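In: Next one to model:
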Amino acid sequence: RQHQLSATTDFSIIRSLDTVTICVPTPLRKSKDPDISYIVSAAQEITKYLHEGMLIVLESTTYPGTTEEVILPMLEGTGLKVGKDFYLAFSPERVDPGNLVYNTCNIPKVIGGVTEKCTDLAKSFYELAIEQVYAVSSPRAAEMVKLLENTFRSVNIGLVNELCLMSEKLGVDIWEIIDAAATKPFGFMPFYPGPGLGGHCIPIDPHYLAWKARINGFNPRFIELASDVNAQMPEFVARKAQAILNEKEKPLKGSQILILGVTYKKNVADVRESPALEVIELLEKGGAKVSFSDPHVSELKLGEKIYRSVALETLNAEALNFDLAILITNHDAFDHREILAAFPLILDTRNTFRGADRAKVVRI
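Out: Numbers count the residues shown, from 1 in each chain. Below is the predicted model of the structure:
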């Protein structure tokens with residue numbers, strides 16, 4: 001609104017800047033090893049225009065040591081010295097897309113500089129916009145903070161997903177068990193099963209930590225096991241869908257299935273790493289005819305096939321043609337009552353239809 005934000009692909013503008021933050025993707029290679037090529041590319045461009053007094057802050061999620069082992073040597077290769085001529089720090093981005101309560105301003109910012117002066121300058125920079133800035137001892141510590149946060153979620157979700165798989169074999173309802181356990185006022189934090197992990201953080205970041213641990217001679221068994229369990233969930237959902245149809249004397253092949261929600265989390269438009277994508281592919285491979293409805297995604301391309309979202313306003317009429325609906329992402333825009341009334345059979349991966357007729361709604 002105040003015309004204080006502009007976009008450019010011209011790196012030479014760095015000459016006139018006092019502070020530069022690096023916020024680029026950090027994906028995985030096919031081998032599940034870290035791919036920090038975007039960080040390296042950004043740092044290479046910065047070195048061309050690095051000048052005295054400049055502050056550089058890396059925000060991209062990465063393994064401990066990246067700032068000091070990769071970026072620092074590149075910047076000092078210009079002849080300038082960190083802590084004297086320029087300043088370098090790491091501060092992980094922690095924004096939660098779609099969260100209406102916590103935003104950039106009120107989420108505490110963790111920072112760690114290469115030197116004390118680097119930390120002080122980075123702290124002063126972020127305090128211009130962030131309500132609380134928390135300094136740690138080093139960039140390596142700050143890098144580890146983000147990986148701890150997301151690995152914590154991955155491991156706990158992996159645990160409850162395994163308990164979900166186990167509970168099916170034991171004949172108990174995992175949702176009931178979690179609700180009961182959550183009545184304990186101490187020593188328990190509820191996590192919930194689901195169709196699998198999605199997004200650019202939780203499924204990716206633990207692999208960065210595991211890789212760094214392995215090359216330092218430590219076997220991160222617990223972290224990798226959790227990732228393996230979480231990766232099984234889309235297949236579990238597809239098998240569950242087939243079992244539900246078979247119980248109704250319908251084969252998976254030829255059945256009309258509607259996926260409700262294809263984004264990796266509710267109320268966002270991001271489909272990166274969404275478990276819905278793998279569920280669709282598995283169902284199609286089994287011969288099902290799959291469609292999707294998502295208020296945030298109009299079109300989806302998987303391989304050579306293009307899917308178009310079934311509009312919410314036509315959902316009731318269209319529902320009559322579907323043998324099964326699978327709720328993957330529980331967007332607030334979905335009218336759960338209408339969905340419950342419209343579909344003959346629903347597989348609920350989010351416990352959205354809690355208390356509904358079990359003959360009609362099956363939960364994972």
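In: Wait, Y102 touches D96, no?
Out: Yes: between Y102 and D96 there is a contact under CB atoms under 8 Å: 5.9 Å. For the C-beta atoms, the positions are set from N, CA and C on the backbone; glycine is no exception.
In: Tell me, how many residues neighbour H296?
Out: 18 (other CB atoms under 10 Å).
In: Next: the one 4 residues further on.
Out: Other residues within reach of L300 by the criterion other CB under 10 Å amount to 20.
In: which SS class is it?
Out: Secondary structure, DSSP: H, G, I helix; E, B strand; the rest coil: L300 is strand.
In: Return the residues in contact with it.
Out: For L300, the contact set (CB atoms under 8 Å, 6 or more residues apart in numbering) comprises 262, 271, 277, 292, 306-309.
In: Would you format these as JSON lines with neighbour count and pLDDT included?
Out: Shown next, in JSON lines, are the contacts of L300 (neighbours: other CB atoms under 10 Å; pLDDT from 0 to 100):
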{"residue": "V262", "neighbour count": "25", "pLDDT": "98"}
{"residue": "V271", "neighbour count": "20", "pLDDT": "96"}
{"residue": "L277", "neighbour count": "21", "pLDDT": "98"}
{"residue": "F292", "neighbour count": "24", "pLDDT": "96"}
{"residue": "I306", "neighbour count": "9", "pLDDT": "96"}
{"residue": "Y307", "neighbour count": "19", "pLDDT": "96"}
{"residue": "R308", "neighbour count": "12", "pLDDT": "96"}
{"residue": "S309", "neighbour count": "17", "pLDDT": "95"}
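In: Please narrow those to those residing in strands.
Out: Among the contacts of L300, the members found in strands (DSSP state E) are 292, 306-308.
In: out of the residues you listed, which one sits closest to A7?
Out: For these, the residue nearest A7 by CB to CB is I306; the value is 29.5 Å.
In: What separation do you get for that closest one and S291?
Out: 12 Å (CB to CB, to the nearest Å).
In: what does A238 give?
Out: A238 is 16 Å from S291, by CB to CB.
In: Comparing these two, which shows the higher neighbour count?
Out: More crowded of A238 and S291, by other CB under 10 Å: A238, with 25 against 17.
In: How about the secondary structure of the more buried one?
Out: Three-state call for A238 (three-state DSSP): helix.
In: Any regions of the stretch 201-350 of the chain where pLDDT drops low?
Out: Applying pLDDT under 70 to the stretch 201-350 of the chain flags residues 314-319.
In: Would you map the strands across it?
Out: Listed in chain order, the strands of the stretch 201-350 of the chain (DSSP state E, counting those that start in this stretch) span 256-260, 289-293, 299-302, 305-308, 324-327, 346-348.
In: Output these in a markdown table; the columns should cover distance to I22.
Out: Output for those, formatted as a markdown table (distance: least, CB to CB, whole Å):
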| stretch | distance to I22 |
| --- | --- |
| strand 256-260 | 36 |
| strand 289-293 | 35 |
| strand 299-302 | 30 |
| strand 305-308 | 35 |
| strand 324-327 | 38 |
| strand 346-348 | 41 |
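In: and those, which is most packed in?
Out: Between the strands of the stretch 201-350 of the chain, strand 324-327 has the highest mean count of neighbours, a mean of 26, where neighbours are mean count of other CB atoms under 10 Å.
In: residue boundaries of the helices in the stretch 151-300 of the chain?
Out: Assigned by DSSP state H, counting those that start in this stretch, the helices in the stretch 151-300 of the chain fall at 174-181, 205-215, 221-247, 275-285.
In: related to what we said a few turns ago, for K48, state which of the contacts of L300 is nearest.
Out: V271 (35.3 Å).
In: Is it correct that that closest one is in contact with E278?
Out: No: using CB under 8 Å, V271 is not in contact with E278, being 11.4 Å away.
In: give me the low-pLDDT residue ranges for the stretch 1-150 of the chain?
Out: For the stretch 1-150 of the chain, the stretches with pLDDT under 70 are 1-2.
In: what sits against V237?
Out: Counting by CB under 8 Å, 6+ apart, V237 has contacts 195-196, 275, 279, 326, 328, 347, 349, 364.
In: Among these, give me the pair with the biggest separation.
Out: G196 and L347 (13.9 Å).
In: re earlier: so can I have a markdown table of the ones in strands among the contacts of L300 showing distance to P27?
Out: Listed next are these as a markdown table, based on distance: CB to CB, whole Å:
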| residue | distance to P27 |
| --- | --- |
| F292 | 24 |
| I306 | 24 |
| Y307 | 24 |
| R308 | 27 |
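In: which two from the residues you listed end up farthest apart in space?
Out: F292 and I306 (11.4 Å).
In: what's the offset of stretch 201-218 from the middle of its chain?
Out: 16 Å (CA atoms, centre = their mean, to the nearest Å).
In: For stretch 113-130, buried residues please.
Out: 113-115, 118-119, 121-123, 125-126, 130 (16 or more other CB atoms under 10 Å).
In: Inside helices: which ones of those?
Out: Per DSSP state H, helices hold the following members of the buried residues of stretch 113-130: 118-119, 121-123, 125-126.
In: Throw those into JSON lines and include distance to F186, thanks.
Out: Listed next are these as JSON lines, based on distance: CB to CB, whole Å:
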{"residue": "C118", "distance to F186": "40"}
{"residue": "T119", "distance to F186": "35"}
{"residue": "L121", "distance to F186": "41"}
{"residue": "A122", "distance to F186": "37"}
{"residue": "K123", "distance to F186": "34"}
{"residue": "F125", "distance to F186": "39"}
{"residue": "Y126", "distance to F186": "34"}
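In: Out of those residues, the closest to K30 would be?
Out: A122 (34.6 Å).
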